[in-house]
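1. Sequence first, predicted coordinates after that:
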Amino acid sequence: MRWFRRKRVAPPIDEVTAYTRSYGERGAEVKPVKLPPRRPRFPILTSGEELRRRFEERLANREEEEEK
């Protein structure tokens, strides 16, 4: 007598097949649209040195505020 039965492994499916199984066929009223890239929210720091310098400035400002 067997206690454990092997489960059949389903073959992998591609993205189109998975979408069709999940949502059904795409109707004519659905149209994919390409969006332009989002603008960055914050200016990007140029280097790690700039990041370190700004961090040190924030620490110095925090120490000044604690002294008050």
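-> Sure, I can see it. Residues are numbered from 1 along each chain as shown.

2. any weak-confidence spans in this structure?
-> 1-2, 26, 45, 68 (pLDDT under 70).

3. For it, just list every one of the helices.
-> Assigned by DSSP state H, the helices in the chain fall at 15-23, 48-67.

4. Those: which one's closest to Pro37?
-> helix 15-23 (22.6 Å; Cβ to Cβ). C-beta: built from backbone N, CA, C; applies to glycine.

5. would you list the helices of the chain in JSON lines and tack on mean neighbour count and distance to Phe4?
-> Compiled in JSON lines, the helices of the chain are given as follows (neighbours: other Cβ atoms under 10 Å; distance: least, Cβ to Cβ, whole Å):
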{"stretch": "helix 15-23", "mean neighbour count": "10", "distance to Phe4": "29"}
{"stretch": "helix 48-67", "mean neighbour count": "10", "distance to Phe4": "54"}
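
6. possible to save those as TSV with distance to Phe42?
-> Below are the helices of the chain laid out as TSV (distance: least, Cβ to Cβ, whole Å):
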stretch	distance to Phe42
helix 15-23	33
helix 48-67	12
